[in-house]
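Peer 1: 3D, please:
(chains A and B)
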Number of protein chains: 2
Amino acid sequence: MTKRVYRFGGKSAEGNGTMRNLLGGKGANLAEMCTLGIPVPAGFTITTDCCTEYFNLGGKYPAELNDEVLSALKATEQIMEMKFGDVKDPLLVSCRSGARSSMPGMMETVLNIGLCSATIPGLIAKTNNPRFVYDAYRRLIMMYSDVVMEKAEGIEPEDGKGIRVQLDNMLHELKVAKGYKSDTDLTEDDLKGLCNDFKKKVKDVLGHDFPDDAYAQLWGGIGAVFKSWNGKRAISYRRIENIPDEWGTAVTVQSMVFGNMGENSATGVAFSRNPATGENKFYGEWLINAQGEDVVAGIRTPNPLNEATKNNQNKNLPSLETAMPTVYKELDDIQNNLEHHFSDMQDIEFTIQDGKLWMLQCRVGKRTGLAALNMAMDMLQEGLIDEKTAVLRVAPNQLDEILHPILDPKSEKEATVIAKGLPAGPGGAVGKIVFTAEAAVEAAARGEKVILVREETNPEDVEGMRAAEGLLTARGGMTSHAALVARGWGKCCIVGCEAVHFQNVEISTMLKGKNPMKIMAKQLVINGKEYNEGDIFSLNGTKGHVYDQAIKTMDASENQRFVEYMKMVDKYRVIGVRTNADNPDDAKQAMDFGAEGIGLFRIEHMFYGKNSEAPLAKLRKMIHAATIQERITALNELEPYVKNSAKATMKVMDGKPVTFRLLDPPLHEFVPQTPEKQEELAQELGITISEIKKRGESLHEVNPMMGHRGVRLGITYPEISEMQFKAIFTATAELLKEGLHPQPEIMIPVTVSVKELDFQKAICNKVHAQIQKETGIDIKYLYGTMIEIPRAALLASEMAQTAQFFSFGTNDLTQMTYGFSRDDIGAFMNDYLSNKIISADPFQTLDQSSVGKLIELGVSGGRSTNPKLKIGICGEHGGDPESVKFCHKIGMNYVSCSPFRVPIARLAAAQAAILCQN
Amino acid sequence: MTKRVYRFGGKSAEGNGTMRNLLGGKGANLAEMCTLGIPVPAGFTITTDCCTEYFNLGGKYPAELNDEVLSALKATEQIMEMKFGDVKDPLLVSCRSGARSSMPGMMETVLNIGLCSATIPGLIAKTNNPRFVYDAYRRLIMMYSDVVMEKAEGIEPEDGKGIRVQLDNMLHELKVAKGYKSDTDLTEDDLKGLCNDFKKKVKDVLGHDFPDDAYAQLWGGIGAVFKSWNGKRAISYRRIENIPDEWGTAVTVQSMVFGNMGENSATGVAFSRNPATGENKFYGEWLINAQGEDVVAGIRTPNPLNEATKNNQNKNLPSLETAMPTVYKELDDIQNNLEHHFSDMQDIEFTIQDGKLWMLQCRVGKRTGLAALNMAMDMLQEGLIDEKTAVLRVAPNQLDEILHPILDPKSEKEATVIAKGLPAGPGGAVGKIVFTAEAAVEAAARGEKVILVREETNPEDVEGMRAAEGLLTARGGMTSHAALVARGWGKCCIVGCEAVHFQNVEISTMLKGKNPMKIMAKQLVINGKEYNEGDIFSLNGTKGHVYDQAIKTMDASENQRFVEYMKMVDKYRVIGVRTNADNPDDAKQAMDFGAEGIGLFRIEHMFYGKNSEAPLAKLRKMIHAATIQERITALNELEPYVKNSAKATMKVMDGKPVTFRLLDPPLHEFVPQTPEKQEELAQELGITISEIKKRGESLHEVNPMMGHRGVRLGITYPEISEMQFKAIFTATAELLKEGLHPQPEIMIPVTVSVKELDFQKAICNKVHAQIQKETGIDIKYLYGTMIEIPRAALLASEMAQTAQFFSFGTNDLTQMTYGFSRDDIGAFMNDYLSNKIISADPFQTLDQSSVGKLIELGVSGGRSTNPKLKIGICGEHGGDPESVKFCHKIGMNYVSCSPFRVPIARLAAAQAAILCQN
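Peer 2: This is a model prediction of the structure:
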């Protein structure tokens, strides 16, 4: 016979912690606690299979369920020494959902089941606390009418007409009428009257009486929890998280215990170690004569759990350790027991009812990145866990918190958030606000810390972005220019902060000749308040919070434990981790973070940012050349800059591979925009400004992302490729002569056909032979391609005929696969996310179902031609943990990501290796 | 033993016409003619397998080849009654290449082999024509030194240093020195001296003596032909045409015959039927005492072949029929014989040497579209071919010629081409040039025929484009706006005509108040010549030729034979052919051409062109709405226009499906650009012009092709979809009420996820229920999607959960698969084509290797979910014959193309069905 109901309580249980699939996470853990001899209010769990059965029967309970539930309820009554529905000593129960994997807030709960006109007097007599009883009753009516009588019946009221809202309004109106501030001001009579009014309203709105029978309430509750599995919210959550519909939810029916039954009662939450720091001290909060929700609601300041963890704010409040030493001792033993049993930090909820301790829940506790690191290392030393487990204990993205300076959480708590934006670059930053890149550079030169505030940023701002401590922009999404650049540098950044506006204000009037002249200046306005350059702001880039005051920062990066941890991580990692870097500073930074090479050196980055003026002028000269001869002249002048740039970075990375990607963006991006620069270029080329403008405009494109860029430039202007090959080979030859070990890899971008690779290879071969001949030095290199256009992935077996390596450019590949322009998705991405049409921004998390499919086709195609083909990934996804795991799984050789994400990728790769072994 | 050499001649042969693979096309046909008893100069063919053998041996002949060749040469000598290398009666031979499939001009030929100091005197004695002999000798030296001594040896001289160029220069210098105009002015002595000088030069440049031995020449020639198979040109041609390297070329060694040996000699080319009209009359040209190249070169006006085909130009010249009646009779019998034998029109070359007729070549002759149609129908009636063969005899693209008016070829021949552009819309057009769409509309209203000449066109020009006879633009490619629109209408169009420039000229000065005012006008300049509005131009859109004079046109569309032919074609066709049409006129046109439904009705097309002003104003009002309420108001005003547009077209297509694609382009495309329109809209909305501009600018996108368009609009603004559903269902209900049989199909564009389809379907269901309720009419429809983004193709099995049909949008799919923006490929497409990186513009011919792969994934994915899924294709490729064949092969249900391409698609589909059966 199928067993549908599993009992627990009284230090024993029919189920255990391994039975999550059948009993749900909550039911399984409650059973496990019972078998450990821990005091848990008795009850029983109806299985997930029974839920499926219920739906298969068209929303009817299987015939045998009634007997099973009644018999389990009988056992519960015996353990708790009370009786459900009893007029003298009534047992109350809760009905809670519990799925295999946590679906927070997606399904329903009903508390205080069993209160009705028959049982209320008995409970009042027993507790001698009529206010408590009527408060419990009004909570039952509010919860039950909403969950069981309305939602579970499929009633979809208009906005504001739901029963819950109407009852809430009645409660509110009563408080207003009585002049009460808080629910606790309500008296016994108030509550009693309210319960009567509530019941009338329920009948009125829903057409049925509120059930006045304990068993009717119980079955209503069980059915409502089952039905909530097929509620709209739950269904769309499952779609997004790919949870199968047939899993179903369990229902746990558990005896109610109350922490608000007097001064000998209490409730609290606790962690077996400090979840913020990882410190191995039992840590938590409790309140006397209170319910669980009072601790969470923060109406009363909670007391500290013990003396050892008191702080300035609560040092004068009583600890449980001193107030109820016996109970505290019992609790401390339990948490110790649980932590050792589960080998991980536990988050527990407890209630003390009339001096007796009850455990209501235990689960693995959430923690900060720093705490995760410390706990993993501590538990490893304590022998509680092994190395693999320690490696798996820190979520890769948590490393971000460890690597960036952050705002001191305490100081931040006391400050007021003036605006919120998207958390584009994690960490914290404090400084004077400036509104232009120039001002940022000047201030930084004076040694001042600044926050650069802009409508949006563009490549011309890069130098100012580098100089600033943090960035704040009014526009842009998580993958906007500012966000990408900031994350690349590990810089604090908030984008899409819509409260940010600029206005021009008159700051002075002075005489010039006879005419008064107005001096205008930019002014920042946030929610009506005006700010000028020089005002102090603080940014929390992890949360996207903006403050108009200085907040203390703390730096957690110089952490010896982090270094030890990462050393251990690397023991388990299989695939390589490289970095995207285009200059010696970034390369050095990435090496410090453990990068094993450069997977993406973007040649065009030398035309942005620091020291870019001279090479950019040459590039522009090349772009505006009218004849091939003019172009070659300009390229010859440009070549030494490219060579020096390549050389300096290969020198830092000595002995490690450096992948140079040839010029990628459309040339139009570099056309001078300011009159001064246009004039300069016109003089250099000996032509008119209007000719300069005309040549620039002729490069304009409707969809530049799919335009004349990447290898397409090298097909139209082979001399541009030739210059780059020459620069790379010359740099290599010079380093070899200096006794170093450069390992250049040449990568052709935006390819769609092996013929493009062949065309460029012929040029490359020619230059290679020529430089070898001139220098007499043997130059080794690899020749490969980005795979970033669907066609290249589809025809990978052909591409691998010439390419010695592939690097998947998942940014562009995602753009083409989705037909989403990264620059333009702002207009609809939020609608897509909020309507759950897509579950995540595909530019942040690789979409394995489509982009991933193309990558798999690319890998298998490439390896079918050349089994030893070296394969990597570069772009934003190279540092995304889920994507790194995907790359490991499909057999890539390496991932490449921005310097600050190198440790994250290392950890994700190690975890993937461990999980794939298991 | 492997047979390497196949003899032919003397009315018998070892090979035959079926042996193309082994003997090449030329060798097989020569053998076939011999077995038919036709006089062919004797010779032999060395097999393609021997070519492969030669390369496998590292460029050496197999040992047995020498004996085989010598023995075949002996047989040739016996038949021709001359001896190779003989001092008295020397046989001369040619060495020609011949691959399985024609590779025109890719490989080499050497003529007159066997002339050397030993044989020259004998040939002079025999012919008594020393000038002829030395002329033949200098041709041998020029050809042989180039092909055998330079190219075959892998020598790659710099430009202008090749031996052929140097010898050409010597010939030219001699003529200049002597004051000769033509090669024929050269005397015996001139040629003799030149041969000596040539031989010195050859030794000088190439370091070897010119071979003075007949056999050395022969083997040199054979080897050079073999080696030309691996010449650069041949290799890249094979890559493009996907011809395997291992096929190899055959070498045909054939006795030389000469048509320039006196007044009893002649040469000519002929067709068994008229290749221009298809008329069943033997047709050709000949010259007395001439060589084949003289006929081609056009130095002398050729004579007509017979009396029946004389025309005005050659009516006074002698026909072969009268000049050499016996030979003519023999030739006429041969052509009759050949045509019956091959069941197709033959293109033949012949030479008469000293009164004896020799056939040098026969092959299936090329023909015009009209001729192809007429020949197919004639031959069918004559019983020469069956219906299937007749269907296969007309190339689908040839129908274009039949359907469009064209310039009369004779008149065109006499006119001078003033500029060339891309042949974007076939046919011919003649009219006064105008420079603005308004002028075109006005002139057309006056009943004048005009040619609209523009830098480029945009949607605002559409009305003028419609009014014009033909279009000429300076910019744009084969898939530019002008080209697409023109082809859609079957309108003559030339784009990318770079010679076209505009300038502003002062046309008058008049007084206004006190200030003189200049009146400026646009003027067209082509190669320095100025043209004003009103000048007459003629365009040949099939060739891309522009003329500045009126040329006669002819109309071939009212052709009863065409109607009969298409009826026959449809008997064999399996897949459906629909059309892309957005108004009743186009729908009617397409029905006349045999369309079986509309596969693409673009709702946005009602905002371009005729009568668009009123709905466009409403659309703009909607776009510039600031609130959802404003937007809904505007949409309600817009809805009747959409309804009427849908209704009118469904009425024309009664009983046939009409696929409505929801609004597709980014809204920015419709923002008013002129101050007047902005002002109008500002008044309508009661806001300022600057606000209008601001709202318009906020819609600007960096890459609009991948931006906020298609279904993305319907996700952000569900009310826009709702309006369209309402319009379509209301139109359907009204037609049903009128007793008609509308069959609407609703198609969602730019989708990437089934969730988009579900989201829109929920809105559609709601509107559908509402309209059914309001009208009391049962409305049937299909709901489907475009598959035009790679992700949709990759996840087709999911898309088919909701979609009832797929229509592949191959334009966008090609854009995304290649990362090519159609609007921007002009900058590099020519470089890609000329460097043979791609073999065809993928927007014209579907790239089966990549886009086709995605389509196949889409078809199999979709059918795996729903085996009955209806699948079609719309976009440019729907009318491309190769693409239609692909669609048939992979099992699509229909193709959809512009009205004028409907017959082409019908024919291509029928041919695909016939070829797939075979």
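Peer 1: May I ask which helix or strand of chain A has the lowest mean pLDDT?
Peer 2: Least confident helix or strand, chain A: helix A:292-297 with a mean of 64, by mean pLDDT, DSSP states H and E.
Peer 1: so what's the residue positioned nearest the centre of chain A up against?
Peer 2: Taking Cα atoms, centre = their mean, the centroid of chain A lies closest to residue A:397, which sits 7.3 Å from it. Shown in contact with residue A:397 (Cβ atoms under 8 Å, 6 or more residues apart in numbering or on different chains): A:881, A:904. All C-beta spots, glycine's among them, are computed from the backbone N, C-alpha and C.
Peer 1: Make sure it is indeed in a helix.
Peer 2: Yes. Assignment of residue A:397 by DSSP: H, G, I helix; E, B strand; the rest coil places it within a helix.
Peer 1: Might you enumerate the residues of the stretch 651-800 of chain A proximal to chain B?
Peer 2: When proximity is defined as Cβ under 8 Å from any Cβ of the partner chain, the stretch 651-800 of chain A approaches chain B at A:701-708, A:712, A:715-716, A:750, A:752-753, A:755-756, A:759, A:788-791, A:794-795.
Peer 1: what is the mean pLDDT for the host helix or strand of residue A:564?
Peer 2: Assigned by DSSP states H and E, residue A:564 falls within helix A:560-572. Averaged over helix A:560-572, pLDDT sits at 93.
Peer 1: Pull the residues that contact it.
Peer 2: A:373-374, A:376-377, A:387-388, A:390-391, A:394, A:402, A:594, A:903, A:906-907, A:910, A:913-914.
Peer 1: ok, the helix or strand following it: who's next to it in the sheet?
Peer 2: The helix or strand immediately downstream of helix A:560-572 is strand A:576-580, counting by DSSP H and E. Strand pairing for strand A:576-580, determined by DSSP bridges: strand A:598-602 (parallel), strand A:894-897 (parallel).
Peer 1: Flag every buried residue along the helix or strand just after the first one.
Peer 2: The helix or strand immediately downstream of strand A:598-602 is helix A:613-623, counting by DSSP H and E. Of the residues in helix A:613-623, those buried under the neighbour-count criterion (16 or more other Cβ atoms under 10 Å in any protein chain shown) are A:615, A:616, A:617, A:618, A:619, A:620, A:621, A:622, A:623.
Peer 1: elements contacting helix A:613-623?
Peer 2: helix A:628-652, helix A:675-685 (3 or more Cβ pairs under 8 Å, 6 or more residues apart in numbering or on different chains; DSSP states H and E).
Peer 1: any idea of the mean pLDDT for the first one?
Peer 2: Along helix A:628-652, the predicted local confidence has a mean pLDDT of 95.
Peer 1: Check stretch A:394-412 too.
Peer 2: Stretch A:394-412 carries an average pLDDT of 84.
Peer 1: What is the distance between that stretch and the centre of its chain?
Peer 2: Here the centre of stretch A:394-412 is set off from its chain's centre by 13 Å, with Cα atoms, centre = their mean, to the nearest Å.
Peer 1: Identify each buried residue in that stretch, please.
Peer 2: A:394-407, A:411-412.
Peer 1: Chain B: which of the residues you listed is nearest?
Peer 2: Among these, residue A:397 lies closest to chain B (Cβ to the nearest Cβ), at 25.5 Å.
Peer 1: How much space separates the closest one from residue A:882?
Peer 2: Distance of residue A:397 to residue A:882, given as Cβ to Cβ, to the nearest Å: 10 Å.
Peer 1: For the stretch 751-900 of chain A, just list every one of the helices.
Peer 2: A:754-775, A:790-794, A:796-799, A:810-818, A:829-834, A:851-865, A:881-889 (DSSP state H, counting those that start in this stretch).
Peer 1: What helices and strands are in contact with the shortest one?
Peer 2: Where contact means 3+ Cβ pairs under 8 Å, 6+ apart, helix A:796-799 is packed against helix A:754-775, strand A:782-787, helix A:851-865.
Peer 1: Please repeat the previous calculation with a cut-off of 10 Å.
Peer 2: helix A:754-775, strand A:782-787, helix A:790-794, helix A:851-865 (3 or more Cβ pairs under 10 Å, 6 or more residues apart in numbering or on different chains; DSSP states H and E).
Peer 1: And for the fifth one?
Peer 2: Contacting helix A:829-834 under the criterion 3+ Cβ pairs under 10 Å, 6+ apart are the following elements: helix B:711-716, helix B:754-775.
Peer 1: Show me what it is in contact with.
Peer 2: A:477-479, A:496, A:820, A:822, A:825, A:837-843, B:708, B:712, B:714-718, B:752-753, B:755-756, B:759 (Cβ atoms under 10 Å, 6 or more residues apart in numbering or on different chains).
Peer 1: Apply the buried test to these and list what passes.
Peer 2: A:477-479, A:496, A:820, A:822, A:825, A:837-839, A:841-843, B:708, B:712, B:714-718, B:752-753, B:755-756, B:759.
Peer 1: Just the element for residue A:142, please.
Peer 2: Using DSSP H and E, residue A:142 falls in helix A:130-144.
Peer 1: Export that helix to CSV, keeping only CA atoms.
Peer 2: Output in CSV follows, covering the C-alpha atoms of helix A:130-144 (Å, rounded to 0.1, in the frame of the first residue of the first chain):
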residue,chain,number,x,y,z
PRO,A,130,-8.5,36.0,25.8
ARG,A,131,-6.7,38.7,23.9
PHE,A,132,-4.2,36.2,22.6
VAL,A,133,-6.9,33.8,21.6
TYR,A,134,-9.0,36.4,19.6
ASP,A,135,-5.8,37.8,18.0
ALA,A,136,-5.0,34.2,16.9
TYR,A,137,-8.6,33.8,15.6
ARG,A,138,-8.6,37.1,13.6
ARG,A,139,-5.3,36.0,12.0
LEU,A,140,-6.8,32.6,11.1
ILE,A,141,-9.8,34.3,9.5
MET,A,142,-7.7,36.7,7.5
MET,A,143,-5.3,34.0,6.3
TYR,A,144,-7.9,31.3,5.7
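Peer 1: next one: it to chain centre, how far?
Peer 2: Centre-to-centre, helix A:130-144 and its host chain are 39 Å apart (Cα atoms, centre = their mean).
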